[in-house]
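# I would like the atomic coordinates for the input below:
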Amino acid sequence: MKLIIGLGNPGEQYEKTRHNAGFLVIDEITKNEKFAQWKLIKKFNAKISKGEILTEKIILAKPMTFMNNSGVSVKAIADYYKIPSNDIMVIHDDLDLPLAKIRISQNASSGGHNGVQSIIDHLQTQNFARFRLGIAGEHAQNILAEEYVLKKFSSEEFIKILSSISLMIEAIESSLSVGVVEAMNEFN
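Numbering: from 1, shown residues only. The predicted structure follows:
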């Protein structure tokens with residue numbers, strides 16, 4: 001069993017913001033695959049959907065904590081289902097990547113991403129896969145990072161993000177099929 005986490009912030013005001021790229025990807029997975037409806041599980045402080053990708057049993061999760069406390073939910077879910085860190089995949093935004101670029105990494109530092117750092121702190125390891133979606137648009141350098149990540153994508157940017165989400169899902173499927181390292185070689 002694998003745990004795939006999409007990072008974002010709960011609440012309507014954060015929908016389709018750059019920081020919610022993880023939510024956007026994971027919501028698309030539930031549309032493309034046979035997954036159960038999202039269900040809020042209070043003991044995890046997360047929305048959960050169970051299903052399969054290829055032949056692998058998958059738990060999809062959207063922490064309902066704010067981004068900086070994502071590790072609380074991830075640890076609770078991983079402990080309950082006894083999922084080791086190397087069977088966890090985290091999908092999140094990356095301000096250091098150009099808009100719509102994807103990158104896969106494993107056993108890497110947080111790179112300054114507070115949601116990922118929270119997961120590292122709570123799991124006490126960085127040995128999990130990360131699927132990063134670039135959110136840096138044309139004006140990223142002109143705005144404070146804390147403000148920029150909470151801005152919504154423009155219509156043109158959102159079209160690019162949607163095509164990258166499809167590629168991200170292919171990368172996740174590849175990593176489940178042939179392994180994260182091979183998927184990194186193919187998609188990075």
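
# list the buried residues for the lengthiest helix in the chain?
Determined from DSSP state H, the single longest helix within the chain is helix 155-178. Neighbour-count burial for helix 155-178 flags 157, 160-161, 164-165, 168-169, 171-176 (criterion: 16 or more other Cβ atoms under 10 Å). The way it works is simple: take the backbone N, C-alpha and C, and place the C-beta from them, glycine included.

# same question, stretch 74-82
So for stretch 74-82, counting by 16+ other Cβ under 10 Å, buried means 74-78.

# could you export that stretch as CSV, CA atoms only?
The C-alpha trace of stretch 74-82 is given here as CSV (Å, rounded to 0.1, in the frame of the first residue of the first chain):
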residue,chain,number,x,y,z
VAL,A,74,0.9,12.6,7.3
LYS,A,75,2.4,11.1,10.4
ALA,A,76,-1.1,10.1,11.8
ILE,A,77,-2.0,8.4,8.5
ALA,A,78,1.3,6.7,8.1
ASP,A,79,1.3,5.4,11.6
TYR,A,80,-2.3,4.2,11.5
TYR,A,81,-1.8,2.2,8.2
LYS,A,82,1.8,1.3,9.1
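
# quick revisit: quick check: next helix or strand after the longest helix of the chain?
The first helix or strand that comes after helix 155-178 along the chain, using DSSP states H and E, is helix 180-187.

# what about that next one, average pLDDT?
Regarding helix 180-187, the rounded mean pLDDT is 95.

# point out where the protein drops to low pLDDT.
The chain contains residues with pLDDT under 70 at 32-33, 138-142.

# quick one: the strands in it?
With DSSP state E as the criterion, the chain has strands at 2-6, 39-41, 46-53, 56-63, 88-98, 102-106, 129-136.

# nearest to Glu146, of those?
Comparing these against Glu146 with Cβ to Cβ, the closest turns out to be strand 88-98 (10.3 Å).

# what strands line up against the closest one, and which way round?
Applying DSSP bridges, strand 88-98 is found paired with strand 2-6 (parallel), strand 129-136 (parallel).

# now do the buried residues in that strand.
88-95, 97.

# Gly115: neighbouring residues, count only.
Using other Cβ atoms under 10 Å, Gly115 has 26 neighbouring residues.

# what distance do you get for it to Glu52?
To Glu52, Gly115 is 26 Å away according to Cβ to Cβ, to the nearest Å.

# same thing with Gly179?
Distance from Gly179 to Glu52, by Cβ to Cβ: 18 Å.

# contact partners for the spatially most central residue of the chain?
Central residue of the chain (Cα atoms, centre = their mean): Ile91, 1.7 Å from the mean position. Applying Cβ atoms under 8 Å, 6 or more residues apart in numbering to Ile91 gives the contacts 4-7, 21-22, 25-26, 130-133, 168, 172.
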